[in-house]
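# I would like to see how this sequence folds:
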Amino acid sequence: MLEERLKSVIRDIPDFPQRGIVFKDITPILKDQQLCSEIVDQLVAHLQGTKIDAIAGIESRGFLFGMLLANRLNIPFIPIRKQGKLPFKTISESYKLEYGQATIEVHEDAFAPGSKVLIHDDLLATGGTVVAASKLLEKLGADIVGYTFIISLDFLQSQGRLTRFTDRVISLVRFDA
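Coordinates of the predicted model:
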């Protein structure tokens, strides 16, 4: 089963990026091309029947499988980046972090208003970044049609924060503690 294989490969890094956090490191997955392909296959299977015009990936680990997924579905990829990293005209959304504030941006011409956009990131933790990304894309007229994650930290109970945008939340691996 894919979930068990992923759990056996994802590595826990204690006290990173700060004390008390256990970071879920997906980089060991990237060593296994077959496993990467299976991840994309599984995401595509979950999305069967969903009309998607583009996939937005959240910097930076959301770019890895977000781009692969967009390529497989033959649709555009939209990078959502940290403030100041995109070269063209952007719009931004600021949000609170556990330890401060952050701002993300997207190019103002990233997609046409009314586009059905799926948001991908590697991990759903507190949901702050993905909620900010959803608000950011809605400013440009996106219809958020779903979310895909490799990992969901279900014990943080953040999936409920996303349902105001869409009920389609897909995670391949769930951690309850």
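
# where do the helices sit along the protein?
In the chain, the segments counted as helices under DSSP state H are 2-9, 33-46, 61-73, 128-139.

# and those helices as CSV, adding distance to Ser152, mean pLDDT and mean neighbour count?
For the C-beta atoms, the positions are set from N, CA and C on the backbone; glycine is no exception. Formatted as CSV, these follow (distance: least, Cβ to Cβ, whole Å; pLDDT from 0 to 100; neighbours: other Cβ atoms under 10 Å):
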stretch, distance to Ser152, mean pLDDT, mean neighbour count
helix 2-9, 11, 97, 14
helix 33-46, 13, 98, 14
helix 61-73, 14, 98, 20
helix 128-139, 11, 97, 21
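
# of those, which approaches Asp121 most closely?
Nearest of those to Asp121, taken as Cβ to Cβ: helix 61-73 at 3.9 Å.

# Alpha carbons of the closest one, in PDB - could you do that?
C-alpha atoms of helix 61-73 as PDB (Å, rounded to 0.1, in the frame of the first residue of the first chain):
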ATOM      1  CA  ARG A  61       8.100  21.800  -1.700                       C
ATOM      2  CA  GLY A  62       4.700  22.200  -3.300                       C
ATOM      3  CA  PHE A  63       6.600  22.800  -6.600                       C
ATOM      4  CA  LEU A  64       8.000  19.300  -6.700                       C
ATOM      5  CA  PHE A  65       4.900  17.200  -7.100                       C
ATOM      6  CA  GLY A  66       2.600  20.100  -8.100                       C
ATOM      7  CA  MET A  67       4.600  20.500 -11.300                       C
ATOM      8  CA  LEU A  68       4.700  16.800 -12.000                       C
ATOM      9  CA  LEU A  69       0.900  16.600 -11.500                       C
ATOM     10  CA  ALA A  70       0.300  19.600 -13.800                       C
ATOM     11  CA  ASN A  71       2.500  18.000 -16.400                       C
ATOM     12  CA  ARG A  72       0.700  14.700 -16.200                       C
ATOM     13  CA  LEU A  73      -2.700  16.400 -16.500                       C
END
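
# what sits up against it?
26, 30, 36, 39-40, 43-44, 47, 52, 54-58, 76-77, 79-80, 119-123, 148, 150 (Cβ atoms under 8 Å, 6 or more residues apart in numbering).
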